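Student: prediction below, plus the sequence it came from.
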Amino acid sequence: MLPTENRLRRREDFAAAVRRGRRAGRPLLVVHLRSRTDPHASGGEVPPVRAGFVVSKAVGNAVVRNRVKRRLRHLLRHRLFQLPPGSLVVVRAQPGAAEADHVELARDLDAALRKLLKGSPSSAASGDSPQNPGREPGGRAQ
């Protein structure tokens, strides 16, 4: 269970994370992250990371959907410390998440979070791009 201060509840917050945040897709889930934005935080305190989950009927019946949500909540609860304060996170389960076990969900969640945190604007500006723009794909200089 996620603590109350870490729950994403308002429709506007879900929409902000999905529409204005960054996205990382994996076979079992899609993670949307909007970093360091909490419109409800007061000026002096550090806002908590807030997370929400979207599990549609395409995943399965109500029992299956609730099981997937419980697993995702449990996994994300232990990863909240990795995210910047004030972040909004939405985890959307894909239909394959119903048959996935705990380890597979954890692997996809970790990979998505790693991609989102690695590709932040601060690391892109520092020149950590994976490709050298002065080279052709075969490794020869242009």
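Tutor: Here it is on my side, so go on.
Student: please enumerate the strands of the protein.
Tutor: 22-25, 29-34, 50-54, 88-93 (DSSP state E).
Student: low-confidence ranges in the protein?
Tutor: The chain contains residues with pLDDT under 70 at 36-44, 119-142.
Student: would you point out which residue is most central in it?
Tutor: Centroid-nearest residue in the chain: Val31, 3.3 Å away (criterion: Cα atoms, centre = their mean).
Student: grab the nearest non-local neighbour of that residue.
Tutor: Ala112 (4.0 Å; Cβ to Cβ, 6 or more residues apart in numbering). Where you see a C-beta, it was placed from the backbone N, CA and C, and this is true even at glycine.
Student: and that neighbour, what does it touch?
Tutor: By Cβ atoms under 8 Å, 6 or more residues apart in numbering, Ala112 lies in contact with 24-26, 29-31.
Student: repeat that for Lys115.
Tutor: Ala24.
Student: before I go, just wanted to say thanks for your time.
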